[in-house]
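Participant: Below is the structure, and that's it, no one-letter string:
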């Protein structure tokens, strides 16, 4: 009886701790959400009045709109190219042996522990020395470098859970290595490819630290536009834009989970069942 009571107390304490952590993490979001409806021209909490005008300004502000469209361009190219490059390299590293394989893998995963501002500053210095412009190709290249590790890890998980005997059976029937990859491996790791693309798109669209160094007024993404705005204004417009950000992201995740199943994409269900 005593042991049962202790187990219940431990379970209750664990739930309370988790609830406290969630409240602590969500508290800034709640403050931003409430502040976005303020009627005053200065960011103030709690609001003295209520208004929706800051949402209208967030949607109609020219720099935000341009940053949004620029971010979509960069995100679409960076995430798509990162999936193609990352999937190719992941299959090569996971399935084949060649010299300096681990060195290559370490280089590809290095953006996980190298500060992003270091990568952005390094690229800025490089293009300045070479006399190259800071156009979309530079921003897209930088974002590919930053999101590639996440694509690699997502594809690695899919390859680890792939029954390799299927590939061996296709090869034994005369299929070339390239045909095995295109007809067997790629279709079976599509959930991992989509998961990698989704993570790459989210990270690319929200990337700020490196983008601050390499973007210009013509190529600035939305996070950079938000940073430039907050240096000049202190009104609740950014709070309203943050609420829109959160709502759109949550809606996308809900839709993706509803129709595609994020558990399957991320291997959560398979790992839980095992």
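Facilitator: Sure thing, it's come through. If you're wondering where the values come from, they're calculated on a predicted model, not measured in any experiment.

Participant: Please make it C-alpha for all contacts and neighbour counts, starting now.
Facilitator: OK.

Participant: give me the element the closest residue to residue 142 other than its chain neighbours is part of.
Facilitator: Counting by Cα to Cα, 6 or more residues apart in numbering, residue 120 is the residue found nearest to residue 142 once chain neighbours are left out, at 7.3 Å. Element membership for residue 120, per DSSP states H and E: helix 116-130.

Participant: What are the buried residues along that helix?
Facilitator: 116, 119, 120, 121, 123, 124 (16 or more other Cα atoms under 10 Å).

Participant: Using JSON lines, lay out those together with pLDDT and distance to residue 54.
Facilitator: Shown next, in JSON lines, are the buried residues of helix 116-130 (pLDDT from 0 to 100; distance: Cα to Cα, whole Å):
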{"residue": "116", "pLDDT": "87", "distance to residue 54": "31"}
{"residue": "119", "pLDDT": "88", "distance to residue 54": "35"}
{"residue": "120", "pLDDT": "88", "distance to residue 54": "32"}
{"residue": "121", "pLDDT": "89", "distance to residue 54": "34"}
{"residue": "123", "pLDDT": "89", "distance to residue 54": "36"}
{"residue": "124", "pLDDT": "89", "distance to residue 54": "35"}
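
Participant: Distance check, the residue nearest to residue 142 against residue 208.
Facilitator: Using Cα to Cα, to the nearest Å, we find residue 120 at a distance of 10 Å from residue 208.

Participant: Tell me which residues of stretch 136-149 come out buried.
Facilitator: Across stretch 136-149, burial judged by 16+ other Cα under 10 Å covers 136, 138-149.

Participant: What count of nearby residues applies to residue 68?
Facilitator: Per other Cα atoms under 10 Å, the neighbour tally for residue 68 reads 18.

Participant: So that it lines up with my notes, have the first residue be 865 from now on.
Facilitator: Got it, first residue is 865 now, which makes that one residue 932.

Participant: Could you double-check that it lies in contact with residue 1083?
Facilitator: No. Residue 932 lies out of contact with residue 1083 (Cα atoms under 8 Å); the separation is 10.3 Å.

Participant: which element follows the helix or strand that contains residue 1064 toward the C-terminus?
Facilitator: Per DSSP H and E: residue 1064 is located in helix 1054-1070. Helices and strands here follow DSSP H and E; after helix 1054-1070, the next one along the chain is helix 1075-1078.

Participant: what comes into contact with that following helix?
Facilitator: For helix 1075-1078, the external contacting residues (Cα atoms under 8 Å, 6 or more residues apart in numbering) are 981, 984, 985, 987, 988, 998, 1002, 1003, 1006, 1084, 1085, 1088.

Participant: Tabulate the residues you listed (CSV), appending distance to residue 893.
Facilitator: Shown next, in CSV, are these (distance: Cα to Cα, whole Å):
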residue, distance to residue 893
981, 26
984, 28
985, 31
987, 33
988, 34
998, 34
1002, 33
1003, 29
1006, 29
1084, 25
1085, 22
1088, 20
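
Participant: between the residues you listed, which is nearest residue 878?
Facilitator: residue 981 (37.7 Å; Cα to Cα).

Participant: How many residues are close by residue 1093?
Facilitator: Quick note: residue 1093 (other Cα under 10 Å) scores 16 neighbours.

Participant: buried stuff in the stretch of helix or strand it belongs to?
Facilitator: Assigned by DSSP H and E, residue 1093 falls within helix 1086-1094. Neighbour-count burial for helix 1086-1094 flags 1086, 1087, 1088, 1089, 1090, 1093 (criterion: 16+ other Cα under 10 Å).

Participant: what does stretch 941-960 give?
Facilitator: Within stretch 941-960, the residues that qualify as buried are 941-947, 950-951, 953-955, 957, counting by 16+ other Cα under 10 Å.

Participant: quick one: which of those sit in strands?
Facilitator: Nothing among the buried residues of stretch 941-960 maps onto strands, per DSSP state E.

Participant: Export the residues you listed to TSV and append columns for pLDDT and distance to residue 917.
Facilitator: Formatted as TSV, the buried residues of stretch 941-960 follow (pLDDT from 0 to 100; distance: Cα to Cα, whole Å):
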residue	pLDDT	distance to residue 917
941	95	34
942	93	34
943	92	34
944	92	36
945	94	39
946	92	39
947	91	40
950	88	43
951	87	45
953	87	48
954	85	48
955	82	51
957	83	53
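
Participant: Done for today, thanks.
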